[in-house]
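Colleague: Return a 3D structure for these sequence lines:
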Amino acid sequence: MIAIISPAKNMRNLKIDNINPQIIGKERYFTKETDEIIRVLKDLTPWDIQSVMKVNEKIALQSYAYFQDFNFNDKGVCGLLAYDGLVFKNIKAEDFTKEDFDYANKHIRILDAFYGMVNPLDDILPYRLEMQYPIKIQGNNLYKFWDDKIYNKLYSEDNVIVNLASEEYAKTVRRFLNEEDIFIDIDFKVNKDGKLKTLATLAKMARGQMVKYIIENKIDNPEDLKNFTFNSFKFCSNLSTPRKFVFIKED
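Modeller: Residues are numbered from 1 along each chain as shown. Now for the predicted structure:
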């Protein structure tokens, strides 16, 4: 079983010295593809970046610096610690043991517009890029550029995938699924006044907590995820199917 998650827009400002060097790797699945992307990004001016990414001047200048400074030979940060967002804050990887990181490296993958797919122990350098940005690589948008590469690599590693990613990233896999592929969506809903709603903040927190649960409890069977609880979210068998696990929080 492998659980997939999305990256975060922001990167953590962590130095390599803050992290046990034993848990850093340099595997990186798609070095060639990332190199093609960075060559395009290096040609963008800060004003191009501001226009394409719809960000303020400060973020555009920081992104420009990331692209210009990018060098595969530089030391980066362990993949699971490199991103800064609600999902990753709730994973709390900074508290993991070496055994936790080893398990995460076998069972967690971060789908990514820049790197394609990231292992928790991969050596990650800072960047800013979302799959939906209108960047052209070889004349194609990022979805067409990556095509089925992420899907093929993911299912070459395991045939049971648990989806904890946003749809922006999940569809890099979903659109290539066939009947034999096991792809289990996890849905966190809040029952508010008799209506089920997805509240983005709570859903992101719950995704991160489920990743933490998988790693700390060494979960390798999707059925065991049904025992997961967080902030009153509980598995709802009535709304779930073998390919979609729904967790409900009563408001």
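Colleague: what are the ranges of the helices in this protein?
Modeller: Taking DSSP state H as the test, the helices found in the chain are 31-41, 46-53, 57-69, 79-82, 86-91, 98-107, 142-146, 149-157, 167-174, 200-216.
Colleague: Tell me how far the longest one lies from the chain's centre.
Modeller: In this view, helix 200-216 has its centroid 12 Å away from the chain centroid, taken as C-alpha atoms, centre = their mean, to the nearest Å.
Colleague: The chain should start at 27 in everything you say after this.
Modeller: From this message on, residue numbering opens at 27, which makes the last subject helix 226-242.
Colleague: just checking, what packs against that helix?
Modeller: strand 28-31, helix 112-117, helix 124-133, strand 134-138, strand 208-218 (3 or more C-beta pairs under 8 Å, 6 or more residues apart in numbering; DSSP states H and E). Quick note: C-beta positions are derived from backbone N, CA and C, even for glycine.
Colleague: repeat that with 6 Å
Modeller: Helices and strands touching helix 226-242, as assessed by 3 or more C-beta pairs under 6 Å, 6 or more residues apart in numbering; DSSP states H and E, comprise helix 112-117, helix 124-133.
Colleague: Of the helices of the chain, give the one that comes closest to Tyr141.
Modeller: helix 57-67 (5.6 Å; C-beta to C-beta).
Colleague: Of all the helices and strands in this protein, which has the lowest average confidence?
Modeller: The weakest-scoring helix or strand in the chain, judged by mean pLDDT, DSSP states H and E, is strand 103-104 (a mean of 84).
Colleague: and the spatially closest residue to Ala119 that is not a sequence neighbour, how many neighbours does it have?
Modeller: The shortest distance from Ala119 to any non-neighbouring residue, by C-beta to C-beta, 6 or more residues apart in numbering, is to Leu106 (4.3 Å). For Leu106, the neighbour count with other C-beta atoms under 10 Å is 27.
Colleague: got it, and Ala91?
Modeller: Counted with other C-beta under 10 Å, the neighbours of Ala91 add up to 12.
Colleague: Tyr129 versus that one, what's the distance?
Modeller: Applying C-beta to C-beta, to the nearest Å, the value for Ala91 to Tyr129 is 35 Å.
Colleague: mind checking how far stretch 120-138 is from the chain centre?
Modeller: That offset, for stretch 120-138, works out to 12 Å (C-alpha atoms, centre = their mean).
Colleague: Endpoint to endpoint, that stretch covers what distance?
Modeller: 21 Å (C-alpha to C-alpha, to the nearest Å).
Colleague: Also stretch 155-165?
Modeller: 17 Å.
Colleague: Give me the contact list for it.
Modeller: Glu62, Ile63, Val66, Val78, Met79, Ala139, Phe140, Leu168, Phe171, Glu194 (C-beta atoms under 6 Å, 6 or more residues apart in numbering).
Colleague: Could you tell me which residues make contact with the third one?
Modeller: Looking back up the chat, that one is Val66. Applying C-beta under 6 Å, 6+ apart, the residues near Val66 are Ile163.
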